[in-house]
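1. okay, structure incoming, though there's no sequence with it:
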C-alpha cells in the first residue's frame, strides 16, 4: 500500500491517548509525552519513538519485547475508567444500544453516572446531534465522571448533573432512558414522564428479585413490550490445535430489561 | 404531563412505518395508509384512527383486542428484513459495534450485504458523518438490499456495491471492516489493505473450524489483539411468581472474532 | 475378535425391549415379537431377523435404510416414558445422583412419582441393595408408573405409594430425598424427618421464585450446606468441517437445590 | 423424632472420615482421631467431642464458630483427591453415568486412572456386582490412585493396572469404556474391541479439535449413535432478596462424546 496516504488523525501526536498492548491481559491507555518513557515489567520505550508514526505500530522495548500501539476504542476506556461502582460490560452496553433504541442522534437520560464509563460510550454513539443527560447523586462520582468525560473530549455531548434522580428529571421528550443504579424502583416513574411517546427504558439489574419487582412496576406504569434478557459472554481460547472456551469466565453481570412507553387508548 | 408538547416527529403520519405489537411473537411493521385497514387474526383497525396521534398509542381492534403502535427501531427491522441469507442477531451486532470500533462517524466496509439488515443497522450508528460501503456478489440480494436501505431512508449513508469482495475493496483508510460471508478466508487480506492504521476487522463465523482457520490467517497478516467470543442470549420469562429463563432458546448463532491492524516495527 | 464369546445377555430374544435407531431424532423402544414386523416411514424388517443376534447389529429395511438395534439404557427410557408430567432431564438426574448422595445401596424417598421416569433411573442406580420409595397423589399417574416399573423389571427395588406426600413419609433413616413436585414447600419438613443424620435432599425447581422460598425454608429447618445450581446442556453438531453448538437448544429445565440435614449443637 | 433409632453406621467413630464444613469454600475431609484436635483459622475442637455422635452435628469451635460434621459423599472426595492431573467435574461424571450406560452392576474399563477420582466414583455406582478396570501409564499416578481407592474402601470393586492403554485392554465384553486421557485417538480402537455388543464409550475432550478428530475416528470404527454435548454449570447465589447466578464461574471443562458399538449387517 505504498500509495495510500495516511490521515493525520491516524498519526500519533504529543498528548494523544494511546493503547499499549502487550497481550490479552496486559494493556494500558497512556498519554504520549515527548521526553518521557513508557515503562512496564517487560522494559521501556521513549514516547519520542512513536510521535509522528501511524497508530498500529509495533515496536520493541529495550528488553526486546514487542508492544503494539493502537488507537483506543471507547470500549478500551471502559476497562480503564475507575471501578468505583458497578460497571457495565460491553456485551450489555451493546444490547442497550440495539434494544434500547439508542443510536446516532438520540437524546438520552442516564442514571447513575458512576465513573462515567457508560456515559462516555453513550455519548460516542449519539454524537454529534444527540445528547446524554446523566444524573449522579454522589459528589465524588460526579467529579470523577466530569474529568473522565473531559479527557475523552466528549463534553459537548454530555450534561452531567449532580442531582438525586429520584426527585425527577428536567428533560422532555427524550428517546431513551438508561437506569443502572441500586434502586431503579424509585426512579422508574420519572423515566416514564421524561420519555417521548414510544420511547424506551433500559434497566440493568443484577438479581432476579429486582427483575420481578421492576417488571410489576413497569406494567402498572403503562410500559409495554417488556422483555428481559441475560447475555452470557464466553471467550474462546485461540491456540493452534486447542480451540476451546476459556476455563474461567464471568458467569453473570446482570439482567437487562427493556420496555416502551405507551399511552392508553384513543 | 399535560404541559409537555409532543414533537411532530412523534406523531404518526400518512406513509409512516409503524410497529404494531400484539405480544412477544406477534408484531408487524406496516406502512400507514389512510383509507386502509390493518388486519390480523385478532381483528382490524382503520389507519385513519391513528394518523395524527402520537406513537405509543394503544387501541382496540374491532374484536376488542389491544394493539400498541410503536415507532420501529432499527432492531425491529432486523427481524422483518427478508431472511434470504444468514442473519446476524442484535446481540452479535451490539458486540460488533462495541468491540469492532464502530460508532458515530465511522467509515465502514461490510461484506456480504445480504438483505441489508446489518448494513442498515451500521448506517444508523455511523450517520450522519460516517458511511457504510457494502459489497454483495449476488444480484438478487443487491437489489433487495437497495430497496430495504431506501425504505429506511438510509441511502445517504450507504454505498451498495454489486461486486465480488474477493477481488478487493476500492476504499482507503476505513475505520472498520465487518465480514459476514461464507468464505471470509478469501477476503481477509483485502480487509487488511483497506483499513486505516489501527483499524479493526470483525468477523462472524458459525463454526469452530472457521474460527481456527481465520485465526491462523489473521496472525500471518499482521493483525494483532485478536480475540474471539461467543454471546449466548437467554430470554427471561416475565410472569408473576414464575420468573425463569425461557424453555427454548437459540443456542448458537456464531462466533465473533475481532482483530486490529498493526504495522511492523519502527 | 473371533475368539470372544458373546454373553447370552447380549443376544436379542423374543420379548426383549430393543432400541431401534434411525438417527438422532428417530428412535424407538419396541418389544421383539417373532412373526411380527417393525415398521417406520423408512420401511420395515421382520423381528425374526434379529432374534438370536447380538445387540448392536445394523440391518437394512426392505427400502434399504440402515437401522441399528441397541440394548436400551435407562436414559433411553426417559425419553420414552409418557410425558404426563414435568420430566427431569438426564443432565439434571446425573447431578441429583452425584450431588444428592445417591448411589448403589442408597435408600431413597421420592415424590412425585409421575410416570415413573425418575423412579426407574433411581432404582437402576441404587439396586440391588438399595430401594426407592416413591409417593404419588394422582391415581392415574400411580397406575402408569406401576406399569412402567414392571416393564423395566425394577419392581423388587421400588415401592410405589399412592399417597399424599404432604401428609408425611412412613420410612426412617433414608439416605436421600428427591422432590420433584409442584409445591415442595409443603413436603420439605417431612423430608427432614425421614432423612438419616447427614442425609441429603435434592429439589428440582423450575422458577427462581421457588428457589428463593425453598432456600429460606431449608435454613429454618436445620438443613445446611445448601447449594443451588443450574445445568445448561449444549448439544454439539457433529459434521465434518462444521463443528458447532446446535442452533436450537433447551435453554432451561430447572434449578437444582441440594442440602444436608444437620442437628444442632452438642 | 425421639422414637427413631439411629443406625450405628450414622454414628461418627474413631477412624471415620468426616466432612467438616465451615461454608461453601472452606470444607475439609479429615480422619477422626481420639486425643487429637481439628484446627482451622476459626478455631479448633476435640475429636473426642464428636465420637459416638450422629453425623450431621453442628458444634462450636473454641472461638464460637459453628462447624458442621457431615458424612462425606463420593463427590466430596472428588474435590479432595489430589489435583495431579486433569480432573473431571461432577456435572460431567453425572452425564457419563447417565449417557454412558454405567449403573449398578456395570463392568467398566477406564483410562487414565489419574489420581483415582473418577475411578472411585465409578466404583461407587457399579458396586457391589459391577467392577471397574482402570489403566494408568504413569507410575506415580498409579501409586496415588491405589492409595486413594484403599482409603475409600473401594478396592474390591476396582482393578488398577499400571499399563499403557494404547497397547490394548485385557478385559472382554465390558458394558462401558470411559476415556479421559491426553490422546484418546490411540486408544479408541481398543475400546471398540473390549466392549460388548451395544456397549458404550464415553470420552472427555477439552478442545473442539479433539472432538472433530474423535468423531471422524468413531465413524470409521463402527461406533454409532454418536452424540456430543457440553454441560455448563451455573452456581446460584442464595442470598435473601439477592438471588442471582454467581459472578465467577468455570466456563468450560470439556466436551463429552458418547457412542455405541454396532456390528455391521446381518
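-> Received, thanks. Given the structure is predicted, the values throughout are model-derived calculations rather than measurements. Numbering: from 1, shown residues only, chains lettered A, B, ... in the order given.
2. got the contact list for residue A:94?
-> Residues counted as contacts of residue A:94 (CB atoms under 8 Å, 6 or more residues apart in numbering or on different chains) are B:91, B:93-98. Just so you know, the C-beta spots here come from the backbone N, C-alpha and C atoms, and that holds for glycine as well.
3. show me which of those are buried.
-> Neighbour counting over the contacts of residue A:94 (16 or more other CB atoms under 10 Å in any protein chain shown) leaves B:91, B:93-98 as the buried ones.
4. and which of the residues you listed is nearest chain A?
-> Nearest to chain A among the buried ones among the contacts of residue A:94: residue B:94, at 2.3 Å, using CB to the nearest CB.
5. distance of the closest one from residue D:214?
-> The gap separating residue B:94 from residue D:214 is 35 Å, by CB to CB, to the nearest Å.
6. just give me the neighbour total for whichever residue of chain A sits closest to chain C.
-> Scanning chain A for the residue nearest chain C gives residue A:208, at 4.2 Å (criterion: CB to the nearest CB). Applying other CB atoms under 10 Å in any protein chain shown, we find 25 other residues in the vicinity of residue A:208.
7. next: residue A:120.
-> Residue A:120: 24 neighbours (other CB under 10 Å).
8. which residue packs closest to it, ignoring adjacent ones?
-> Among residues not flanking residue A:120 along the chain, residue A:152 sits closest, at 5.2 Å (CB to CB, 6 or more residues apart in numbering or on different chains).
9. ok, for residue A:206, nearest residue in space, not its chain neighbours?
-> Leaving aside its sequence neighbours, residue A:206 sits nearest to residue A:254 (CB to CB, 6+ apart; 4.4 Å).
10. cool, residue A:27 as well?
-> Excluding the flanking residues, the one nearest residue A:27 by CB to CB, 6+ apart is residue A:21, at 4.7 Å.
11. dihedrals phi and psi, the one you found?
-> When read as degrees, to the nearest 10, the backbone of residue A:21 gives phi -110, psi 120.
12. report pLDDT for residue A:3.
-> In this model, residue A:3 is scored at 58, pLDDT.
13. and the stretch 151-266 of chain A, which of its residues are near chain B?
-> Residues of the stretch 151-266 of chain A lying close to chain B (CB under 8 Å from any CB of the partner chain) are A:172-173, A:193, A:196-200, A:208, A:211-212, A:215-216, A:224-236, A:238, A:240, A:243, A:245, A:255, A:260-266.
14. how about 7 Å then?
-> A:172-173, A:193, A:196-198, A:208, A:211-212, A:215, A:224-226, A:228-236, A:238, A:240, A:243, A:255, A:260-266 (CB under 7 Å from any CB of the partner chain).
15. I'd say residue A:163 and residue A:135 touch.
-> Yes. If you go by CB atoms under 7 Å, residue A:163 and residue A:135 touch, sitting 5.4 Å apart.
16. and these two? Which one has more around it.
-> residue A:135 (25 against 16).
17. hey, where'd the strands end up in the stretch 51-200 of chain A?
-> Secondary structure of the stretch 51-200 of chain A (DSSP state E, counting those that start in this stretch): strands located at A:57-60, A:66-70, A:107-111, A:131-136, A:158-162, A:174-179, A:195-205.
18. want to throw these into TSV with mean pLDDT and distance to residue C:106?
-> Shown next, in TSV, are the strands of the stretch 51-200 of chain A (pLDDT from 0 to 100; distance: least, CB to CB, whole Å):
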stretch	mean pLDDT	distance to residue C:106
strand A:57-60	94	61
strand A:66-70	96	58
strand A:107-111	98	54
strand A:131-136	98	57
strand A:158-162	98	62
strand A:174-179	98	49
strand A:195-205	96	41
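19. of all those strands, which one is nearest residue D:75?
-> Set against residue D:75 and scored by CB to CB, these come closest in strand A:195-205, at 33.1 Å.
20. now do the buried residues in the helix or strand following that closest one.
-> Next helix or strand after strand A:195-205 toward the C-terminus (DSSP states H and E): helix A:208-220. Buried residues in helix A:208-220, defined by neighbour count with 16+ other CB under 10 Å: A:208-215, A:218.
21. circling back to that earlier point, any of the residues of the stretch 151-266 of chain A next to chain B buried? List them.
-> By 16+ other CB under 10 Å, these give A:172-173, A:196-198, A:208, A:211-212, A:215, A:224-226, A:228-236, A:238, A:243, A:255, A:260-263 as buried.
22. which members of the residues you listed additionally contact chain D?
-> Applying CB under 7 Å from any CB to those, those adjacent to chain D are A:208, A:234, A:243.
23. contacting residues for the second one?
-> When contacts are counted by CB atoms under 7 Å, 6 or more residues apart in numbering or on different chains, residue A:234 touches A:245, A:249, B:229-230, B:232, D:251.
24. hmm, back to that, what's the neighbour count on the residue nearest to residue A:120?
-> Residue A:152: 21 neighbours (other CB under 10 Å).
25. in the worst-scoring helix or strand of chain A on mean pLDDT, which residues are buried?
-> One helix or strand of chain A scores below all others by mean pLDDT, DSSP states H and E: helix A:74-80, with a mean of 82. Buried residues in helix A:74-80, counted by 16+ other CB under 10 Å: A:74-78, A:80.
26. is it up against chain B anywhere?
-> Yes. Using CB under 7 Å from any CB, helix A:74-80 comes into contact with chain B via A:74-75.
27. what residues does that helix touch?
-> Under CB under 7 Å, 6+ apart, the answer for helix A:74-80 is A:19, A:29, A:90, A:117, A:120-121, A:124, A:152, B:98-99, B:103.
28. same question, stretch A:135-144
-> Contact partners of stretch A:135-144, identified using CB under 7 Å, 6+ apart, comprise A:82, A:84-85, A:111-116, A:145, A:160-165.
29. now stretch A:245-252
-> Contacts of stretch A:245-252 (CB under 7 Å, 6+ apart): A:234-237, D:234, D:244-252.
30. hmm, 8 Å instead?
-> With CB under 8 Å, 6+ apart as the test, stretch A:245-252 has contacts from A:89, A:206, A:230, A:232-237, B:230, D:234-235, D:244-253.
31. give me the subset of those lying in strands.
-> Among the contacts of stretch A:245-252, the residues falling in strands (DSSP state E) are A:230, A:232-237, B:230, D:234-235, D:244-245, D:248-250.
32. tell me how chain A divides into domains.
-> For chain A, the structural domains run A:8-70, A:75-261, going by automatic domain parsing.
33. ok, residue A:218 - contacts?
-> When contacts are counted by CB under 8 Å, 6+ apart, residue A:218 touches A:188, A:201, A:226, A:257, A:259.
34. quick one, which of those residues are buried?
-> A:188, A:201, A:226, A:257, A:259.
35. and the helices in the stretch 1-150 of chain A?
-> Taking DSSP state H, counting those that start in this stretch, the helices of the stretch 1-150 of chain A run over residues A:74-80, A:90-99, A:117-126, A:139-151.
36. which of these sits closest to residue D:37?
-> helix A:74-80 (47.4 Å).
37. low-confidence ranges in the stretch 1-150 of chain A?
-> Residue ranges of the stretch 1-150 of chain A with pLDDT under 70: A:1-3, A:80-87.
38. how about the residues of chain A by chain C?
-> Residues of chain A lying near chain C by CB under 8 Å from any CB: A:208-209, A:212.
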